[in-house]
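**Q** Quick one, what's the 3D model for this:
(chains A, B and C)
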Amino acid sequence: MIGLSVFGELMHGFSAVLEPMNLLWAILGVTLGMLVGILPGIGPALTIALLLPITFNFSDPIGAFIMFAGIYYGAMYGGSTTSILINTPGESASVATAIEGHKMALKGRARAALATAAIGSFVAGTISTVLLTFVAKPIGNLASHFQATDYFAITLLAMVAVTAIIGHSLVRGLLSLVVGLFIGLIGLDSLSGAPRYTFGTLRLLDGIDVVIVIVGLFAIGETLHVASKLRSTPERPAVLEKGRLRTGYLNKSDWGRSWKPWLRGTALGFPFGAIPSGGAEVPTFLSYSIERRQARKKGHDEFGEGAIEGVAGPEAANNASFSGVLVPLLTLGLPTSATAAVMLAAFQIFNVQPGPQLFEDESTLVWTLIASLYIGNLILLIMNLPLIQIWVQVLKVPRPLLYAGILVFACLGVYSLSGSGYEVLMALVIGVVGFFMRKLDFPIAPVVLGVILGPAMEEQFRRSLVISNGDASVFVTRPLSAVIIVLTVLALFVPYLPRIVARLRGTQPTHDRLTFGEDD
Amino acid sequence: MSRPRTALVAAGLVVSLLVSGCSALEKTLDGGSVAGDFPSRNVEIMVPAAPGGGWDLTARQFQHVVQEKKLLGERAVSVVNVTGAGGAVGISKLVTKNRKDPHTLMITGLVMVGALTLNQSEITVSDTTPIATLTAEQEVLVVKSDSPLKSLKDLVEMYKADPSQVSWGGGTIGGTDHITAGTLVKAAGADPSKVKYISYSGGGEATAAILSGDVTVGISGLSEFEEQITAGKMRVLATSGTEPVTLNGKQLPTMKSEGYDAEVQNWRAIVAPPDVPAADRQRLIDFVTKVNQSPEWAEIRKKNGWTDFFKTGDDATKFIAEETTRVQGLEKELGIL
Amino acid sequence: MSTSEELLEEAVKASDVEVEASRLVRIIAALVLIVLSATFLVGVFDIRSPKGFDPAGPRFFPLLVTSAWLVLSIAYLIEGLRSPRTTRSTDRSWFEPVALSALLVLYALLVVPLGYLIATALLFFAAARVLGSRQLVRDIVVAVVLTVVVYVAFTQFLDISLPGGVLGL
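**A** Numbering: from 1, shown residues only, chains lettered A, B, ... in the order given. From the prediction side, this is the model:
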């Protein structure tokens, strides 16, 4: 019964969104989103905030929201392009994609990588929109039951589960992670207001923006690294593998290896988007490590040399997270990401109050918005498959021009964060760190993970203790937290289980470990 | 090979530039501007925070009205965001770089007073030339609808019985929400240093914490909780202003009407750099008054749920100085300084 | 993939790492990390820690992170000391990265006074030259066109203000 009425409302929404004007807003939003996703530093939150005043003059807010939604998921997709082609993710949600995606591009498989990202985004976007359509309310209510202890348990689980990105050496991988955690400490401590490692400067009180860390480590660090090898590695244009649009540039084995990661990525992205402080980063890293373990189990592990699963999964996850973010935003008025917070402000400006009453009070707007997600995802796919042919031309840009251009956009991205040269200097310092990390073979992604997860973990841990007046048992007495903590412990020890069992039996283990990242 | 030598020269250049003094660095990094009669060139409104927040909204809507009504003739108004440390970066730029220049204005408010005090900043809002306070937003204290606390008195009694049983959830440490909690506790005659305040980034996170039962009581701007209140998921204990607010046809209690002599308004103001000539200051006051009196601005206030909080010139200066003293005292009593 | 191929690849990878970082560089890096982490570990006790209701307090996590950092840095040093001595000299050049870094410092200092257009066009041009481009006309044309397009798109369309500088835009 309910399903039927939802269906009717949705059809009503479709008829509204297919009006030429609204279609135009969707196309404009998606295109703009893709562009800002490609540019480092300029994310969807900033874009929407800046476009807000322009939309004041719209007579009908629906157009504005269709455009904003388009910007959001367009950006989620756009980030993959630069990650894959030139190893410079523009957003934290595409860092995981860069790990395997760029390796694929180096092997001449850029088109397949871009295609699996585009199709995966479409699949994930569509499935998660269906989920949004039918189960928004129950999921929204569930999300509002999460307490600080549960969040802490989740960050702990995420931290342990993503050890797969640590790479060849445990020591170097953990050092990268710890440096990221340290960067996350810089600034005012949010719970006590005490400045930490700010060295008496005003500029560091707000901490170091994760965008500066990403632009520094990836864009600037990579450019310096390439520059240092300039004379020893002669320029050679990337040889592209043959690919045909008819099969979406993917061959049979690519399809076979992509579809499961797409689905698993969706299954991770949607719920993480829906829980407060979940966001898009954690599910992308989780998806990466799950795909890696799956590949290892099956024995055709190409990870580290450009595995398509490592692109398909994270890209599906970050797109699915968007519909997830919409769940608490629409049903509870709860923004779970920075972009959602700006969208909430936009709703309020148009006198639309997201929350439990929204589906009744503004049903046309909500259903048109949801219908626009289906259409927008389709537009994204239709636009991007042919565009792949154009994007890969980036690989043919002469190296000096390409990297000079990367520097220009990196500077633009960090400059626009606060309108001063300080950010450029800060990104340079981090870029130099990134350069030495590359020289010394340290993995880069764990730094970003540390910067993102560290502060969340500390905040939730301390909040839990404050609320319980210092009683540490709260982490195990609350059922939800306890379950997640047990999962964490399992994730930590299961990989070693065969070895432990073997040792207990007094025999030699056949494999060192089940699935853990390689170690030396 | 000359390249390594060139590199050395370049490195030397960089080092010498860096050691040539922090003040010079500061100057070149941020630029500066010149003074002149108002308005002899385009006006810039600095928002000392990122796009999207309350100050940014105020500035951009202000800009909208000025341009709609052509209040500066052919001169344009632009909005510039200077983020950092709760506004500390923005105000230090205004005070040090734009001295005497009436063409650079800045949005400020109670939040900045709290942040500057907490950061033990040497610059205060009183170092600027206040032009006018513009708007104020009501704070509201809420509990989850199934909470046993029915009134503000229940909350205060609970706190007096055992302060560790009450966790207060709101925005930044030392910000408006924290100040509201301290003001209430102090007015009730209890010890503010025992306020177990948990800060959340933004109203969304705080809303989640209230609905999940993490915190006993939530404090934020009324607009943040409005929908949850309307939907019956949260119950209002009190609002923080002098005038009672009516929501959904029901008049909400204020802290005063509940018997506590406490009042907090999340005010926002527009200020000019220090030492602006008296004539320019008067012209700026006239200009802002024109904006404030326009029907467009009234509409914007209504849309955003802001109350008119217009005080100009010396009144504004005096008000800001009083607030600064009050906040300083309160932050000490809350034990965060 | 056959085992011999695997072995070959392993060997190639290993030699690559050797070229990337000689033993000496690794030891120096480890020492730098030890000094940094030790300094920050000591710095934990400079963090203002208001006595209050927060059982963990603002020093707890920094203490955890910096101690872990120090321990790992020592482990890294040991790893470096144990690694085989290599005689291979690195054929990496230092000129380009240093020059690019210097360019970025200059850019940070000059972007506001000179204005976005001039500073950025100069940055692009100089960076392209450092990176080995030798086609003067092409570099200049691309630098100017790219900068102007970015400037117009951002200031006109996105309403992000970029410094006008000496051109007085």
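**Q** Check the contact between B:Met106 and B:Val95; I expect there is one.
**A** No. Here B:Met106 lies out of contact with B:Val95, judged by Cβ atoms under 8 Å, at a distance of 9.5 Å. For glycine as for every other residue, the C-beta is placed from the backbone atoms N, C-alpha and C.
**Q** which residues do these two both contact?
**A** Taking Cβ atoms under 8 Å, 6 or more residues apart in numbering or on different chains as the criterion, B:Met106 and B:Val95 both touch B:Thr128.
**Q** neighbour count winner among those two?
**A** B:Met106 (29 against 20; other Cβ atoms under 10 Å in any protein chain shown).
**Q** ok, now which ones touch that one?
**A** Listed by Cβ under 8 Å, 6+ apart, the contact set of B:Met106 reads B:Ile45, B:Met46, B:Val47, B:Pro48, B:Gly90, B:Ile91, B:Leu94, B:Thr128, B:Ile270, B:Val271, B:Ala272.
**Q** same question, A:Leu417
**A** Going by Cβ under 8 Å, 6+ apart, A:Leu417 touches A:Gly41, A:Asp209, A:Val211, A:Ile212, A:Glu423, B:Thr83.
**Q** which stretch of helix or strand covers whatever residue of the stretch 201-337 of chain B ends up closest to chain A?
**A** Distance from chain A to each residue of the stretch 201-337 of chain B (Cβ to the nearest Cβ) is smallest for B:Glu227, at 3.3 Å. Using DSSP states H and E, B:Glu227 falls within helix B:222-230.
**Q** and what of A:Glu302?
**A** Applying DSSP H and E as the criterion places A:Glu302 outside every helix and strand.
**Q** on that earlier part again, so which of the contacts of B:Met106 sit within helices?
**A** Those of the contacts of B:Met106 mapping onto helices are B:Gly90, B:Ile91, B:Leu94, per DSSP state H.
**Q** and which of those is nearest A:Lys107?
**A** Nearest to A:Lys107 among the ones in helices among the contacts of B:Met106, counting by Cβ to Cβ, is B:Gly90 at 48.1 Å.
**Q** The closest residue to the closest one other than its chain neighbours: neighbour count?
**A** Among residues not flanking B:Gly90 along the chain, B:Pro48 sits closest, at 2.6 Å (Cβ to Cβ, 6 or more residues apart in numbering or on different chains). By the criterion of other Cβ under 10 Å, B:Pro48 has 29 neighbours.
**Q** what's the answer for B:Val166, then?
**A** Residues within reach of B:Val166, counting by other Cβ under 10 Å, total 22.
**Q** cool, A:Tyr415 as well?
**A** Close neighbours of A:Tyr415, defined as other Cβ under 10 Å, add up to 25.
**Q** And for B:Lys290?
**A** 15.
**Q** Can you check which helix is longest in the chain?
**A** Looking at chain A here, since you left the chain open. helix A:110-143.
**Q** oops, chain C please
**A** Longest helix of chain C, by residue count under DSSP H: helix C:60-82.
**Q** which strands and helices sit next to that one?
**A** helix A:170-185, helix A:445-467, helix C:23-43 (3 or more Cβ pairs under 8 Å, 6 or more residues apart in numbering or on different chains; DSSP states H and E).
**Q** Among these, which comes closest to A:Ile66?
**A** The closest of the helices and strands packed on helix C:60-82 to A:Ile66 is helix A:445-467. By Cβ to Cβ, the value is 29.5 Å.
**Q** For that closest one, which residues meet the burial criterion?
**A** A:445-467 (16 or more other Cβ atoms under 10 Å in any protein chain shown).
**Q** tilt between that helix and helix C:60-82?
**A** 150 degrees (axes from the mean of the first three to the mean of the last three Cα atoms, to 10 degrees).
**Q** Now helix A:445-467 - C-alpha only, PDB.
**A** Taking only C-alpha atoms (Å, rounded to 0.1, in the frame of the first residue of the first chain), the coordinates of helix A:445-467 have been written out as PDB:
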ATOM      1  CA  ALA A 445      46.700   7.400   1.600                       C
ATOM      2  CA  PRO A 446      47.100   6.500   5.300                       C
ATOM      3  CA  VAL A 447      48.000  10.200   6.100                       C
ATOM      4  CA  VAL A 448      44.600  11.300   4.700                       C
ATOM      5  CA  LEU A 449      42.900   8.600   6.600                       C
ATOM      6  CA  GLY A 450      44.500   9.700   9.800                       C
ATOM      7  CA  VAL A 451      43.600  13.400   9.300                       C
ATOM      8  CA  ILE A 452      40.000  12.400   8.700                       C
ATOM      9  CA  LEU A 453      39.400   9.600  11.200                       C
ATOM     10  CA  GLY A 454      41.700  10.900  14.000                       C
ATOM     11  CA  PRO A 455      39.700  13.900  15.200                       C
ATOM     12  CA  ALA A 456      36.400  12.100  14.900                       C
ATOM     13  CA  MET A 457      37.700   9.200  16.900                       C
ATOM     14  CA  GLU A 458      39.100  11.400  19.700                       C
ATOM     15  CA  GLU A 459      36.000  13.600  19.900                       C
ATOM     16  CA  GLN A 460      33.600  10.700  20.200                       C
ATOM     17  CA  PHE A 461      35.900   8.900  22.700                       C
ATOM     18  CA  ARG A 462      36.100  11.900  24.900                       C
ATOM     19  CA  ARG A 463      32.400  12.800  24.500                       C
ATOM     20  CA  SER A 464      31.500   9.300  25.600                       C
ATOM     21  CA  LEU A 465      33.600   9.600  28.700                       C
ATOM     22  CA  VAL A 466      32.400  13.000  29.600                       C
ATOM     23  CA  ILE A 467      28.800  11.900  29.300                       C
END
